[in-house]
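> One predicted model, sequence on top.
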Amino acid sequence: MPTASLSGPGELDLFGQVIPTKVDFPGAIRPKLALDQVSINSQVVQELRSEGSSKLEITLSQELVSGWEHYFIWETLIAVGFAVIPLVAVAAVRRRPKIWKMVGAGIAVVVVVNVGGIALTASGTPQVLRSVKTLDDLVGVNPVTGTTAYDGPAQPAVQAVVIGDSTASGWGLPWESNPTSLDEACGRSSESYAEDLAAADQWDVLNLACGSATIANGLLGPEVLYNGQVAPPQLPQVEAATNAKVVIVSVGADDLSWSVMTELCAASAVCDDNVTNAYFTQLLDTFTRNYYQLLSDLSELPAHPAVLINQYYSPFGSDLSCLQKYGMTQAKVQVLQARLQQLNTVLQQGANLFGFGVATPKFTGHELCTADPWVQGPTDPAPMHPNASGELAIALADQQAFSALSPSPVPLPSPSPSPSQSPSESIEAALG
């Protein structure tokens, strides 16, 4: 809105949240920019990875200036249109013979007044907008708060680190041996995929994952657990593994309140209502911003380990007979799977942007309601989470993705679980 101030910030409407711009604009009239949706496709990723001023930066600057100029061109034309109507009416009533001269003079006055007003109040804005190359130039940077430096002892023997949520901790499965109170509160299991990788590769794997962890509250910031205990941020602890070859990340489900969304879907008549869709979109937008902050922090780890991002498996198959009494239908499953694909797309694109690897676990033929499910069912301790076989399947997907990582994590030269089997083959044998 216009103010009495002769200069000041503009506004950016970002996903419905109005944020003052970082840059100040001269004049009483300043821009408000609305950004309702961001699409990150392969072209955008390629442009963002290019060095120097990319086409996207140039395009953004040009479009901002063009939009500002077009606004005032249209404003002037509309003002002229409104001026013509009374001028013609007055000329017609008075029956002035020089009607066109009168109309022309009136239009000239309106144009001069508008152009003069624009020159006095908004002419400096295009120059400011030309300096804008990214959205950060407009609104600045406000990284996720809570990240603190790790001040514990170094763990040079650790070869791999797992960070993330309950999928990575092994929620609902037996605790690891001699668990601490934090291990129990986080649900860290001896049957998690971290333990499977440790056994297959003869690695020392540090599992920092914790149930209900999000990026803001768990990975980059502390997490308050259900029993009141506080889990320290996971990412700073990664720095303790000074010789780690790889960091494996499983995150996103809790950021999107996946369990709650699934329960709401099952209990509702439909899952694709406008309210739920808007809520999911808002959560996904917030997750995307936090995810890119996490990826940036991972890229700056002092030891420069390889990074592997785990996508999420689909727990649903074609058979929903065991879920029908809970209100689940094929139509609802299609909505949930579409949302899951949106999450996996964000995970994939972010990893591509930073040059990280991606693992895609497949539970095909072993979904809920099958004879041999790899997912915990509705009556199990942690519904929708992987069971022991599901954790093995995730470990296998990670193992297969290791060869494509840069730098590639190479297992230590020690006896494999079977003299005639590679680590991947041993996991496949365990899966049957």
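The structure has been received and is ready for your questions.

> How about the residue most central in space within the chain, nearest residue that isn't a chain neighbour?
Nearest residue to the geometric centre of the chain (Cα atoms, centre = their mean): residue 288, 1.5 Å. In space, and not counting its chain neighbours, residue 288 is closest to residue 346: 5.3 Å by Cβ to Cβ, 6 or more residues apart in numbering. The way it works is simple: take the backbone N, C-alpha and C, and place the C-beta from them, glycine included.

> Residue 245 contacts residue 409, correct?
Yes - applying Cβ atoms under 8 Å, one finds residue 245 in contact with residue 409, separated by 3.6 Å.

> Are there residues contacting both of those two? Which ones?
By Cβ atoms under 8 Å, 6 or more residues apart in numbering, residue 245 and residue 409 have these common neighbours: 159, 160, 305, 306.

> residue ranges of the strands in the stretch 251-400 of the chain, please?
Under the criterion DSSP state E, counting those that start in this stretch, the stretch 251-400 of the chain carries strands at the ranges 306-310, 357-359.

> show me the contacts for residue 68.
Residue 68 makes contacts with 31, 122, 125, 126, 129, as judged by Cβ under 8 Å, 6+ apart.

> residues touching the fourth one, list them.
Pointing back at residue 126 there. Here residue 126 is in contact with 65, 68, 69 (Cβ under 8 Å, 6+ apart).

> For those residues, give me JSON lines that also has distance to residue 332, secondary structure and pLDDT.
Listed next are the contacts of residue 126 as JSON lines, based on distance: Cβ to Cβ, whole Å; DSSP: H, G, I helix; E, B strand; the rest coil; pLDDT from 0 to 100:
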{"residue": "65", "distance to residue 332": "47", "secondary structure": "helix", "pLDDT": "84"}
{"residue": "68", "distance to residue 332": "45", "secondary structure": "helix", "pLDDT": "83"}
{"residue": "69", "distance to residue 332": "48", "secondary structure": "helix", "pLDDT": "85"}
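
> Could you export those residues as a markdown table, including distance to residue 19?
Listed next are the contacts of residue 126 as a markdown table, based on distance: Cβ to Cβ, whole Å:
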| residue | distance to residue 19 |
| --- | --- |
| 65 | 20 |
| 68 | 18 |
| 69 | 24 |
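
> If we only consider these, which is nearest to residue 24?
Set against residue 24, the nearest of the contacts of residue 126 by Cβ to Cβ is residue 68 (15.2 Å).

> I'd like the distance between the closest one and residue 126.
Remark: distance between residue 68 and residue 126 (Cβ to Cβ, to the nearest Å) = 6 Å.

> likewise residue 377?
As judged by Cβ to Cβ, residue 377 and residue 126 stand 61 Å apart.

> How about residue 108?
Remark: distance between residue 108 and residue 126 (Cβ to Cβ) = 24 Å.

> now swap in residue 215 and tell me
Distance, residue 215 to residue 126, using Cβ to Cβ: 37 Å.

> same thing with residue 6?
Residue 6 is 17 Å from residue 126, by Cβ to Cβ.

> List the contacts of the closest residue to residue 168 other than its chain neighbours.
Distance criterion Cβ to Cβ, 6+ apart; nearest residue to residue 168, sequence neighbours excluded, is residue 209 at 3.4 Å. Going by Cβ under 8 Å, 6+ apart, residue 209 touches 162-169, 186, 188, 192, 194, 234, 250.

> What number of residues are in the vicinity of residue 403?
11 (other Cβ atoms under 10 Å).

> Now do the SS call for it.
helix (DSSP: H, G, I helix; E, B strand; the rest coil).

> Top of the shared contacts of residue 245 and residue 409 by number of neighbours, please.
Most surrounded of the shared contacts of residue 245 and residue 409: other Cβ under 10 Å gives residue 160, at 26 neighbours.

> how much space between the closest residue to that one other than its chain neighbours and residue 329?
Counting by Cβ to Cβ, 6+ apart, residue 205 is the residue found nearest to residue 160 once chain neighbours are left out, at 4.6 Å. The spacing between residue 205 and residue 329, counted by Cβ to Cβ, is 40 Å.

> just residue 250 next, same as before
Distance, residue 250 to residue 329, using Cβ to Cβ: 28 Å.

> between these two, which one's more packed in?
Taking neighbours as other Cβ under 10 Å, residue 250 and residue 329 compare with residue 250 leading, 27 against 16.

> how about the nearest residue to that one once chain neighbours are set aside, phi and psi?
Nearest non-adjacent residue to residue 250, counting by Cβ to Cβ, 6+ apart: residue 164, 3.4 Å away. Backbone torsions for residue 164, taken as degrees, to the nearest 10, come to phi 150, psi -150.

> got the contact list for residue 164?
The neighbourhood of residue 164, defined by Cβ under 8 Å, 6+ apart, consists of 209, 213, 219, 234, 248, 249, 250, 251, 310.

> Quickly list the domain ranges of this protein.
The chain breaks down by automatic domain parsing into domains covering 7-139, 160-431.

> what's the least confident stretch among the ones you listed?
Ranked by mean pLDDT, these end with domain 7-139 at the bottom, a mean of 75.

> distance between that domain and the chain's centre?
31 Å (Cα atoms, centre = their mean, to the nearest Å).

> now the end-to-end length of it.
Taking Cα to Cα, to the nearest Å, the first and last residues of domain 7-139 lie 17 Å apart.

> got it, and stretch 21-31?
End-to-end distance of stretch 21-31 (Cα to Cα): 10 Å.

> What residues sit buried inside that stretch?
Buried residues in stretch 21-31, counted by 16 or more other Cβ atoms under 10 Å: 21, 22, 23, 25, 26, 27, 28, 29, 30, 31.

> Stretch 9-25 too?
9, 10, 11, 12, 14, 19, 21, 22, 23, 25.

> Then stretch 79-95?
For stretch 79-95, by 16+ other Cβ under 10 Å, it's 79, 83, 87, 91.

> Run through who's touching it.
With contacts defined as Cβ under 8 Å, 6+ apart, stretch 79-95 is touched by 99, 102, 103, 106, 107, 110, 111, 114.
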